[in-house]
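In: Sharing a sequence plus its predicted fold:
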Amino acid sequence: MNSLLAIAIAIQVLSALLIIGLVLLQHGKGADMGAAFGSGASGSLFGASGSSNFLSKSTGFAAAVFFISTLALSFFGSRPHVSSGGVMEQAPASMSKTQPAPASEPVKPAGQSGEIPK
């Protein structure tokens with residue numbers, strides 16, 4: 001189960017970095033707005049919206065992978081742990097059978113013998 005969690009985290013991080021890179025590479029819709037005011041030939045104010053290109057399809061695929069890995073991580077995180085008992089119950093037998101140290105008398109600081117000086 002730990003290996004599946006590690007794989008899901010790796011996929012999550014890689015898809016997030018891929019989305020960031022693909023979004024930064026794409027050409028924005030508002031970039032051609034200046035062309036509508038006389039410096040170029042544009043069909044509308046924000047440019048023609050044609051069919052999606054490779055970058056936008058790749059971004060959609062990376063977003064789908066990101067959401068699926070997020071769901072997988074939330075599934076793994078919401079499951080209760082299978083361990084039975086506490087940490088001390090899972091310790092090796094040699095460690096759990098040690099004897100506690102005997103209690104000793106508290107050490108009095110120097111100069112304090114409990115007597116009142118005369």
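Out: Yep, that arrived. Numbering: from 1, shown residues only.

In: Can you show me the helices along this protein?
Out: 2-25, 54-78, 93-96 (DSSP state H).

In: OK, contacts around Leu18?
Out: The neighbours of Leu18, taking CB atoms under 8 Å, 6 or more residues apart in numbering as the test, are 58, 62. Glycine gets a C-beta too; all of them are placed from N, C-alpha and C.

In: if I look at it, how far off is Ile7?
Out: 16 Å (CB to CB, to the nearest Å).

In: Serialize the helices of the chain to TSV and add fields for distance to Val87 and mean pLDDT.
Out: Shown next, in TSV, are these (distance: least, CB to CB, whole Å; pLDDT from 0 to 100):
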stretch	distance to Val87	mean pLDDT
helix 2-25	18	93
helix 54-78	21	93
helix 93-96	11	60
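
In: Of all those helices, which one is nearest Ser104?
Out: Proximity to Ser104 (CB to CB) singles out helix 93-96 among those, at 23.3 Å.

In: Just put the helices of the chain in a markdown table and tack on distance to Ser104.
Out: Formatted as a markdown table, the helices of the chain follow (distance: least, CB to CB, whole Å):
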| stretch | distance to Ser104 |
| --- | --- |
| helix 2-25 | 44 |
| helix 54-78 | 47 |
| helix 93-96 | 23 |
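
In: okay, Glu105: pLDDT?
Out: Looking at Glu105, its pLDDT stands at 67.

In: cool, and Pro92?
Out: 73.

In: contacting residues around it?
Out: Counted by CB under 8 Å, 6+ apart, Pro92 has zero contacts.

In: phi, psi of it?
Out: Note on Pro92: its backbone torsions stand at phi -60, psi 160 [degrees, to the nearest 10].

In: List the buried residues for stretch 8-24?
Out: In terms of neighbour count (16 or more other CB atoms under 10 Å), stretch 8-24 has its buried residues at 8, 11-12, 15-16, 18-19, 22.

In: with those residues in mind, which one is nearest to Phe67?
Out: The closest of the buried residues of stretch 8-24, once distances to Phe67 are taken by CB to CB, is Ser15, at 9.0 Å.
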